[in-house]
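Enquirer: please work out how this folds:
(one chain, ligands or ions: 4)
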Amino acid sequence: MNEKEREREGEGTGEGRKEKDERERKKYTAKETLIQRKGGKQQVSYRVEGSWDDALTVDTAGGVSLRRALDREAPEGTIVVARILAVDQGSPALTATATLTITITDVNDTPPLLLPPTIFHVLEGAAPTTLGTLTATDHDVWALGHGPPFTMSLAPSNPAHVLAHVSLNFDPHLDSGRGGAVLKTTATVDREEHPLLPVAVLVADAGGLAATHTITIIVDDINDNPMKPGAKTVYLWKPQGVGSEAPLGRVYVEDPDDWDLGDKTFSWTTSPHPLFTLDTRTGDLIASSQVREAR
Ligand SMILES: [Ca+2]
Ligand SMILES: [Ca+2]
Ligand SMILES: [Ca+2]
Ligand SMILES: [Ca+2]
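Expert: Ligands and ions are numbered 1, 2, ... in the order given. Below is the predicted model of the structure:
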């Protein structure tokens, strides 16, 4: 082999060896690229972009799986639209995006809710009366039998005094066939005994999923108790030398009624005290700035 041939083989001068190294390097790179294109060693990483990255995960092969259960009744809605990003390790890195749409199929996991009103009023001492009609709704898919028709009844957990005063008559025809229940009192109620009647109502959907919801009956006061004189001790702390009026609250009267202030007026039994001011309408008493230490 002469000098020229040796040079062609790259075994000769330093210059020739460099060229061969470069040729080898290019060959290697091309082979790598080819393997990568055939899907052999390409390092592509995947990730979920945006708000669904807590719910979805992508493995190294691009397979998408759930990290947690999806809730069809969650505020995010019934359809998940997630963007999956694939990023290679080229320089610069190239990115491809796929949009993944998941429609969540409903399961009956939400019991029905009572629709307002769930607060009712009855006047104490009134004859048994109808208070209103209870209706319900359900966040699951009604067409799948996960909602109406509903059933309603008084929950067994109601205490005896509630069951003694209240009835609930379920009617499947009410609320356009979704079912409703008429709430009534069955006896007069004394506000001084029960100012409120919390009524536990058992509501079930067509699939039998049930929940207990509490409605409230407020017993409105009537002035049915005479008042008696009351006594009350009020302590007033005043820094010395500082003069300002001090409200002492309402004059105390013994009366089991609590809504009958409008029926009352207040006045001094003797001539007005020079150091106190009385609001004859509300009964509020105010100490004058001139009140001094005393026992
Ligand atoms: Ca559901
Ligand atoms: Ca349901
Ligand atoms: Ca009274
Ligand atoms: Ca009363």
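Enquirer: and the helices in the stretch 101-250 of the chain, which stretches?
Expert: All helices of the stretch 101-250 of the chain, identified by DSSP state H, counting those that start in this stretch, fall at 160-165.
Enquirer: how about the residues of it near ligand 4?
Expert: 191, 221, 224 (CB under 5 Å from the ion). C-beta here means a position set from N, CA and C on the backbone, and glycine is covered the same way.
Enquirer: select only the buried ones of those in ChimeraX?
Expert: Per 16 or more other CB atoms under 10 Å, the buried members of those correspond to this ChimeraX selection:
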select :191,221
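Enquirer: among the residues of the stretch 101-250 of the chain next to ligand 4, name the ones in strands.
Expert: Using DSSP state E, no member of those falls in strands.
Enquirer: out of the residues of the stretch 101-250 of the chain next to ligand 4, which is nearest to ligand 3?
Expert: For these, the residue nearest ligand 3 by CB to the ion is Asp224; the value is 6.8 Å.
Enquirer: how close does the residue nearest to Thr118 when sequence neighbours are not counted get to Thr185?
Expert: In space, and not counting its chain neighbours, Thr118 is closest to Ile215: 4.3 Å by CB to CB, 6 or more residues apart in numbering. For Ile215, the distance to Thr185 (CB to CB, to the nearest Å) stands at 13 Å.
Enquirer: ditto for Arg178
Expert: Taken as CB to CB, the span from Arg178 to Thr185 is 25 Å.
Enquirer: for Val81, same thing?
Expert: Distance from Val81 to Thr185, by CB to CB: 52 Å.
Enquirer: can you check Trp268 too?
Expert: Applying CB to CB, the value for Trp268 to Thr185 is 43 Å.
Enquirer: now Ser176
Expert: 27 Å.
Enquirer: more neighbours, those two?
Expert: The neighbour comparison of Ser176 against Thr185 (other CB atoms under 10 Å) goes to Thr185, with 21 against 9.
Enquirer: run through the bridge partners of the more buried one.
Expert: With DSSP bridges as the criterion, Thr185 is bridged to Val166.
Enquirer: that one contacts Glu124, doesn't it?
Expert: No: counting by CB atoms under 8 Å, Glu124 is not a contact partner of Thr185; they are 10.5 Å apart.
Enquirer: how many residues are close by Ile215?
Expert: Here the count is done by other CB under 10 Å, and Ile215 has 21 residues near it.
Enquirer: and it, what does it touch?
Expert: Neighbouring residues of Ile215 by CB atoms under 8 Å, 6 or more residues apart in numbering: 114, 118-120, 134, 183, 198-199, 201.
Enquirer: show me the contacts for the residue in the chain positioned nearest to ligand 3.
Expert: Residue nearest to ligand 3 within the chain (CB to the ion): Asp257, separated by 3.5 Å. Contacts here follow CB under 8 Å, 6+ apart; on that basis Asp257 touches 191-192, 221-225, 227.
Enquirer: what do you get if the cut-off is 6 Å, keeping everything else the same?
Expert: By CB atoms under 6 Å, 6 or more residues apart in numbering, Asp257 lies in contact with 221, 223, 225.
Enquirer: per-residue confidence for it?
Expert: pLDDT recorded at Asp257 is 94.
Enquirer: distance of it from Phe150?
Expert: From Asp257 to Phe150 the distance is 39 Å (CB to CB).
Enquirer: and if you look at Asn225?
Expert: The separation that Asn225 has from Phe150, given CB to CB, amounts to 42 Å.
Enquirer: of these two, who's got more company?
Expert: For the pair Asn225 and Phe150, the greater number of neighbours falls to Phe150 (27 against 15), based on other CB under 10 Å.
Enquirer: now do the phi/psi pair for that one.
Expert: phi -100, psi 160 (degrees, to the nearest 10).
Enquirer: and it, what does it touch?
Expert: Contacts of Phe150 (CB under 6 Å, 6+ apart): 112, 136, 179, 203, 205.
Enquirer: interface residues of the stretch 51-200 of the chain facing ligand 2?
Expert: Going by CB under 5 Å from the ion, the residues of the stretch 51-200 of the chain near ligand 2 are 108, 110, 138, 140, 146.
Enquirer: now the chain against ligand 2: closest residue?
Expert: Asp140 (3.7 Å).
Enquirer: from what I see, that residue and Asn108 are in contact.
Expert: Yes: counting by CB atoms under 6 Å, Asn108 is a contact partner of Asp140 at 5.3 Å.
Enquirer: more neighbours, the two?
Expert: A side-by-side neighbour count of Asp140 and Asn108, using other CB under 10 Å, places Asp140 first with 22 against 17.
Enquirer: cool, thanks, signing off.
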